[in-house]
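next input, structure requested:
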Amino acid sequence: MSAATPPPALDDRCPRCGQPFHCGAQEAHCDCFELKLGEALRQQLAQQYSRCLCIACLRQLQAEQGHAAG
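The predicted structure follows:
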């Protein structure tokens, strides 16, 4: 029986909401890889923030982007 893998450490803080989270972008996989963000939103986020945002904020922005487009 193998031991369960511990969850990744919450080693960063989201610059948008301030919540702690783990960014897996430098690892094999991060939850954000699955999100579809428009190019305009990606550029806006790159200009506004110098670090990664948490998945909750990214999902919220993705939803807002979808409402604005529809």
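
how much space between Asp11 and Glu27?
Distance, Asp11 to Glu27, by CB to CB, to the nearest Å: 12 Å. No exception for glycine: its C-beta is placed from N, CA and C like everyone else's.

chain center to the least confident helix or strand in the chain by mean pLDDT, what's the gap?
In the chain, the helix or strand scored least confidently by mean pLDDT, DSSP states H and E is helix 55-69, which has a mean of 87. Mean-position distance between helix 55-69 and its chain equals 11 Å (CA atoms, centre = their mean, to the nearest Å).

straight-line length of stretch 23-31, end to end?
End-to-end span of stretch 23-31 (CA to CA, to the nearest Å): 8 Å.

who touches that stretch?
Contacting residues not belonging to stretch 23-31 are listed as 8, 11-12, 32-33, 52, 55 [CB atoms under 8 Å, 6 or more residues apart in numbering].

now do stretch 50-70
Counting by CB under 8 Å, 6+ apart, 12, 14-17, 19, 21, 23, 25, 31-32, 35-38, 41, 45 sit against stretch 50-70.

per-residue pLDDT, the closest residue to Pro15 other than its chain neighbours?
Once flanking residues are discounted, Pro15 sits nearest to Tyr49: 4.9 Å by CB to CB, 6 or more residues apart in numbering. Listed pLDDT for Tyr49 reads 94.

so Tyr49 versus Ala28, what's the distance?
Relative to Ala28, and taking CB to CB, Tyr49 is found at 23 Å.

more crowded one of the two?
Neighbour totals were compared for Tyr49 and Ala28, and Tyr49 leads with 13 against 6 (other CB atoms under 10 Å).

next, give phi and psi for the more buried one.
phi -130, psi 140 (degrees, to the nearest 10).

about what we covered before: from the contacts of stretch 50-70, which ones fall inside strands?
12, 21 (DSSP state E).
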